[in-house]
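Following is a predicted model, sequence given first.
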Amino acid sequence: MIIRLFLLTFLSLPVAAHALNFESTDLKLVCPQRGNVEITLHRYNHASEQWGKHFAVGAGHTRHGDLEFVRFTNGDVFIHLNATDEYLFRYAGQNKSFHCRKISERPATPWQPDRIV
């Protein structure tokens with residue numbers, strides 16, 4: 001009986017949302033038509049996307065309910081669904097969103113060249 005009660009309680013808990021840290025995140029994805037894409041979210045609402053030899057920047061993000069959006073200067077829109085931790089891209093000039101698969105997520109660290117002492 002106690003095990004049943006525990007299971008019912010555990011299964012009825014809401015799934016925790018996974019909000020992105022817009023102050024410091026380095027996110028690596030695999031996306032259709034682009035392959036490996038790196039999204040970097042920095043302080044001061046700065047964002048960047050890079051794939052192949054392409055690079056674009058964005059400023060700020062918006063949140064609508066469970067969705068987070070980052071708009072880039074090339075017209076791309078990066079979309080994150082908090083509840084399911086899904087990632088999508090709406091590429092510039094296209095009317096459909098593409099699902100991406102997360103490879104890794106870690107805190108962004110500033111690049112520091114080797115120092116000569």
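Right, received. Where do you want to start?

Quickly list what E105 is bridged to.
Beta-bridge partners for E105, by DSSP bridges, are L27.

same question, R71
V77.

Surely it is in contact with F89?
No - here R71 lies out of contact with F89, judged by C-beta atoms under 8 Å, at a distance of 11.5 Å. (Glycine included, C-beta is placed from N, CA and C.)

now the helices for the chain?
In the chain, the helices defined using DSSP state H lie at 2-11.

And T25, how far from T73?
Distance of T25 to T73, computed by C-beta to C-beta, to the nearest Å: 19 Å.

what's the burial count for A108?
By the criterion of other C-beta atoms under 10 Å, A108 has 17 neighbours.

Contact partners for the spatially closest residue to E38 that is not a sequence neighbour?
Among residues not flanking E38 along the chain, Q50 sits closest, at 4.8 Å (C-beta to C-beta, 6 or more residues apart in numbering). With contacts defined as C-beta atoms under 8 Å, 6 or more residues apart in numbering, the neighbours of Q50 are V37, E38, T40, A56.

Spatially nearest residue to the third one, not counting backbone neighbours?
Once its chain neighbours are removed from consideration, T40 has its nearest residue in S48; the separation is 4.8 Å (C-beta to C-beta, 6+ apart).

ok, back up a step: now rank the contacts of Q50 by neighbours and give me the top one.
V37 (21 neighbours).
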